[in-house]
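Trainee: 3D model of this:
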Amino acid sequence: MPSRETIERLATLEGLEVHWEDVHKRAQRVAPETLIALLAALGLPCSTRDEAEQSLALAQAEHDSPKLPPLITAECDHAIALPRNIAQSGSHYRIELESGARIDGRFTTPHDALALLTPITEPGYHMLTLNGRQVRLAVAPPRCYTIADACRHAGMPDPEHVRAWGIGVQLYGLRRIGDGGIGDYSALAAFAIDSARRGAHALAVSPTHAMFSADPHKFSPYSPSSRLFLNVAHIDPAAVFGKGAAQAALQAAHARDAWATLEAQPLIDWPAALMLRLKVLRALFERFCTHERAANGPLAVDFETFRAQGGRALEDHARFESLHAVQRARHGGEHWREWPPEYADPRGVDVDTFAREHRHEVDFHLFLQWLATKGLAHAQRAARDAGMAMGLVADLAVGCDGGGSHAWSYRDDMLQKVSVGAPPDTFNPAGQAWGLTTFSPRAMRAQGFTAFIDMLRAAFAHAGGLRIDHVLGLQRLWLVPEGASAALGAYLRYPFTDLLRLVALESWRHRAIVIGEDLGTVPAGFRGRLARHGLLGMRVLWFERDDGGRFKPPEQWPDDALATTTTHDLPTASGWWHGTDIDWRQRIGQTVPHADSSTIVTLAQEERAVDRALLWQAFQRAGIAASDVGAPPISEPPIDEALVFVSSTPAPFVVHPLEDLLGLVEQPNLPGTIDEHPNWRRRLDKPIDALFEDPVLADRLLAATRARVPATSTPATQPPRPS
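Mentor: Sure thing, here's the model as predicted:
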């Protein structure tokens, strides 16, 4: 085994934090075994002395290389520094801008100094030619597209002072007549239109990432197969081909009765509902092939155009879906690493042969992505056409399933045999491993960030905003070796500045705002970096307190973050007031660190009683609740007051979770559970049109809107020129 010094030197060089500080401010040192496993995931094996020396030499050579990387990021109007000794003084360079203009320059660089390119004023992906080699320059605006920019683009009066608000909705939970038991893109469009009519500027949506068609038991929207493509479970069969064709497909699939039964259930039966939907969609596909494709009709032309534009990445995803179904059926191969080795390489000859032999099946999955894309695009158009400044705000999961399509087709860009998670803290003393993987920072730099850019473009494609889940991952991620305890992980640093610039550039190119979910243990200075680049942070009512534990008054909330009462992982306003989350944790054993569970529960309930009093006092000090009235009983949660309180903050954007607007008790997801709690399965009781006829919802929306009256503020800086 190599020396600990060698392992730690290599780890430090590659961005692994050998020393870190836990939640109790105690210094920790990562075990060599953990570092060896994580370095192997980065493509630097070091389990033996020879391997370690070779990997260290390779890593050192990569860092010291005078060669230009495939892509360099920069900011508009700032000089662009190149590596030392990259060009001699007097040598020429040329920059070809996306607009077609050219910049010719000459270096006047002293020996061993940084070579500086002239500042570029035009954002975009430009091409630098130097010494016969071409390098992409990703030149970003100084900040992301903002809410003021969106309101200005929408033609709204006084866009600098709009205090925007929106509704947060779990797409799967929406209900409409004829949906077959799962919320779909047509329901999303209808909900967006009704929300816009009530004054909403945006609709924040749960992730729509592609899942596993062959494994309907995997349905958490935050554990996708791919972040490049869409969840086909949300397709409305009637959206493209009409009700008549959808009814014929239901009839051909003998699915009418089961469709109605699933639709009536209060919870989603994902395995049954997804398999039935795919059966109906397959009947629709056969009809499409028989009529539209055979006649080369307009829809067939549209499908072929979509297929061509999707390129290799789309074809790879469809091939994966087909292969996954076959391998599960024949060999039980859940993870692509369990498949026969000839199918583990998406560029292999055997995969090409499989695709030819199963062309009809591969085309079926292309067909599904075509329908899903048309459905989501329609929802965004409907939202904007109805008057929303931003429309849909998409949600980008922190990672993807290591056994999924994204990791298979981008396997050289992804970390293998590791899990993204979180170190031990007061809420999770054992740490967390989420079973997700993500990009390798070493591969990012070597591949010119292409996989990361592809993912951003997919996320922005049909949205006016993007929420980045666990945005702390742009700076560092807690990684756990496969099979290890979540506590035995380590932080891996990412090229934060490069990633922020790419996010800002793609934000402007898609005219979409960016929100970073920055909850949890946040590194010093992190939120300031987000703010400088125009990413909104997130602030949640339950956590906004001063050092004494009192809830902060609205005016003390930040003006550079989204404000909300709660999130999908936290109790609703009603559930928090009732203590439903405490009851759930007692029921499933999460509040039992020792035998005396009754004491733990009693203490939690007593603490919540104190918090209820503190929250009510905050409402009173804010003038939202009468000063001479005591806190309401547990049976009467002050939902209206909570919504108005958050609306009264200086936050440029407030999102009201639909669960709170409806006064629901149960939260969508209870972290740390799989089957013990019905995560991601709750459906709304009423269809969308009936929801908005409810006078309670109407009153809450009106009160929250009135609390968002424009406030006098300093005008924003002049926006950068979008490319």
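
Trainee: any idea how this protein splits into domains?
Mentor: 4-64, 77-140 (automatic domain parsing).

Trainee: just the endpoints, please. Distance across the longest one?
Mentor: For domain 77-140, the separation between the terminal residues is 10 Å (Cα to Cα, to the nearest Å).

Trainee: ok, stretch 683-693 next?
Mentor: First residue to last in stretch 683-693 (Cα to Cα) measures 18 Å.

Trainee: what's the answer for stretch 644-661, then?
Mentor: 11 Å.

Trainee: save the domains of the chain as JSON lines, and put in distance to Phe212 and mean neighbour count too.
Mentor: C-beta here means a position set from N, CA and C on the backbone, and glycine is covered the same way. Formatted as JSON lines, the domains of the chain follow (distance: least, Cβ to Cβ, whole Å; neighbours: other Cβ atoms under 10 Å):
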{"stretch": "domain 4-64", "distance to Phe212": "23", "mean neighbour count": "16"}
{"stretch": "domain 77-140", "distance to Phe212": "33", "mean neighbour count": "15"}
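
Trainee: and of those, who's closest to Asp685?
Mentor: domain 4-64 (39.7 Å; Cβ to Cβ).

Trainee: now the end-to-end length of that closest one.
Mentor: End-to-end distance (Cα to Cα), domain 4-64: 23 Å.

Trainee: buried sites along stretch 485-497?
Mentor: Judged by neighbour count (16 or more other Cβ atoms under 10 Å), stretch 485-497 contains these buried residues: 486-492, 494-496.

Trainee: okay if I get those residues as TSV plus distance to Val696, pLDDT and secondary structure?
Mentor: Formatted as TSV, the buried residues of stretch 485-497 follow (distance: Cβ to Cβ, whole Å; pLDDT from 0 to 100; DSSP: H, G, I helix; E, B strand; the rest coil):
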residue	distance to Val696	pLDDT	secondary structure
Ala486	42	94	coil
Ala487	46	94	coil
Leu488	49	95	coil
Gly489	46	97	coil
Ala490	49	97	strand
Tyr491	46	97	strand
Leu492	48	98	strand
Tyr494	45	98	coil
Pro495	48	97	coil
Phe496	44	97	helix
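
Trainee: widest-spaced pair of the residues you listed?
Mentor: The widest separation within the buried residues of stretch 485-497 (Cβ to Cβ) is 26.7 Å, between Ala487 and Pro495.

Trainee: rewinding a little: closest one to Thr566 among the domains of the chain?
Mentor: Comparing the domains of the chain under Cβ to Cβ, the one sitting nearest is domain 4-64, at 22.5 Å.

Trainee: before we move on, the earlier item: wait, which of the buried residues of stretch 485-497 is closest to Leu44?
Mentor: For the buried residues of stretch 485-497, the residue nearest Leu44 by Cβ to Cβ is Leu492; the value is 12.3 Å.

Trainee: so the closest one touches Arg442, yeah?
Mentor: No - counting by Cβ atoms under 8 Å, Leu492 does not reach Arg442; the two are 9.7 Å apart.

Trainee: give me the common contacts of those two.
Mentor: Common neighbours of Leu492 and Arg442, using Cβ atoms under 8 Å, 6 or more residues apart in numbering, are Glu14.

Trainee: which SS class is Gln617?
Mentor: The local conformation at Gln617, judged by DSSP: H, G, I helix; E, B strand; the rest coil, is helix.

Trainee: how would you label the residue lying closest to Leu71 once chain neighbours are set aside: helix, strand or coil?
Mentor: In space, and not counting its chain neighbours, Leu71 is closest to Gly448: 3.7 Å by Cβ to Cβ, 6 or more residues apart in numbering. Three-state assignment for Gly448 (three-state DSSP): coil.

Trainee: Gly448: what's it in contact with?
Mentor: Counted by Cβ under 8 Å, 6+ apart, Gly448 has contacts 69-71, 136.

Trainee: please report the distance of it from Leu44.
Mentor: 20 Å (Cβ to Cβ, to the nearest Å).

Trainee: do Pro652 as well
Mentor: 43 Å.

Trainee: give me the number of residues near the residue nearest to Asn669 when sequence neighbours are not counted?
Mentor: Nearest residue to Asn669 in three dimensions, chain neighbours excluded: Asn679, at 4.6 Å (Cβ to Cβ, 6+ apart). Asn679: 18 surrounding residues under other Cβ atoms under 10 Å.

Trainee: where does Asn679 land in three-state SS?
Mentor: Going by three-state DSSP: Asn679 is coil.

Trainee: rewinding a little: Leu35: which of the buried residues of stretch 485-497 is nearest?
Mentor: Nearest member of these to Leu35, counting by Cβ to Cβ, is Ala490, at 6.7 Å.

Trainee: tell me how far the strand or helix carrying Gln54 lies from the chain's centre.
Mentor: Assigned by DSSP states H and E, Gln54 belongs to helix 49-64. Centroid separation for helix 49-64 versus its chain: 34 Å, with Cα atoms, centre = their mean, to the nearest Å.

Trainee: what packs against it?
Mentor: If contacts are counted by 3 or more Cβ pairs under 8 Å, 6 or more residues apart in numbering; DSSP states H and E, helix 49-64 sits against helix 4-13.

Trainee: which helices and strands does the helix it packs on pack with?
Mentor: Using 3+ Cβ pairs under 8 Å, 6+ apart: helix 4-13 touches helix 32-41, helix 49-64.

Trainee: in JSON lines, list these along with distance to Ala325.
Mentor: Shown next, in JSON lines, are those (distance: least, Cβ to Cβ, whole Å):
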{"stretch": "helix 32-41", "distance to Ala325": "28"}
{"stretch": "helix 49-64", "distance to Ala325": "38"}
